[in-house]
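Student: Pasting a predicted model and its sequence here:
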Amino acid sequence: MARTGRPQEDYQFTKRDYAKIQRWLDKGKSPEDIALHYGVILKTLYTRLNRAGIKVPESHWRKRLSEKNLIVMSREQIDDMKEMYEAGASFKAIGNKFCISPPTAKRILQDAGVEFLPPGQRSGAARRIKIPVGRLYTLYVERGMSQEQVAKALGRSRNAVRRELNRHGWIRNKEETT
């Protein structure tokens, strides 16, 4: 029966290998070169070194953005990103427009000083236009208009009107309308 799941590690490091890697790191050899030498990916090398108790010197840590990958955006582009975010666009939509990843879009906005809404409020609840309660009461309760008629009069969706009526406990039963 064939195995499923993650493939097992092809190369098992020995104590000798770990001693050799430690010497290379002390001499200044980069972890990328060591991983290439042993034919493993960098994450695997870091994981195995961590398990063996070998610390990689901070001078070898990979930076989040190296100089060659530094993203330079103009002030106008950052202002456009701010406007899109404040209008309710997601980080994914912003990233797609500016050809960057969503986390990079978030980081750029964060560096620009944008205050983010709590996670539950990004769905549109924070930017939902409130229906005037007095006008809603007048149209629905006093005049006896249907939810559909009230929605047209207020320029809102029927669901928004129903949700607001429900919140105030003003929903009429079908027997009351006949």
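Tutor: Thanks, I have it. Numbers count the residues shown, from 1 in each chain.
Student: Please make it C-alpha for all contacts and neighbour counts, starting now.
Tutor: Fine.
Student: Okay, helices next: where are they in this protein?
Tutor: With helices called from DSSP state H, the chain shows them at 15-27, 31-38, 42-52, 75-86, 91-98, 102-111, 133-137, 147-154, 158-168, 174-177.
Student: So for the last one, mean pLDDT?
Tutor: For helix 174-177, mean pLDDT is 53.
Student: hang on, the earlier thing: relative to residue 117, which of the helices of the chain is closest?
Tutor: With CA to CA as the criterion, residue 117 lies closest to helix 75-86 of the helices of the chain, at 9.8 Å.
Student: For that closest one, name the packing helices and strands.
Tutor: Packing contacts for helix 75-86, counted by 3 or more CA pairs under 8 Å, 6 or more residues apart in numbering; DSSP states H and E, involve helix 91-98, helix 102-111.
Student: just the angle between that helix and helix 91-98, please?
Tutor: 150 degrees (axes from the mean of the first three to the mean of the last three CA atoms, to 10 degrees).
Student: Quick check: residue 151 touching residue 158?
Tutor: Yes: between residue 151 and residue 158 there is a contact under CA atoms under 8 Å: 5.2 Å.
Student: Perfect, that will be all.
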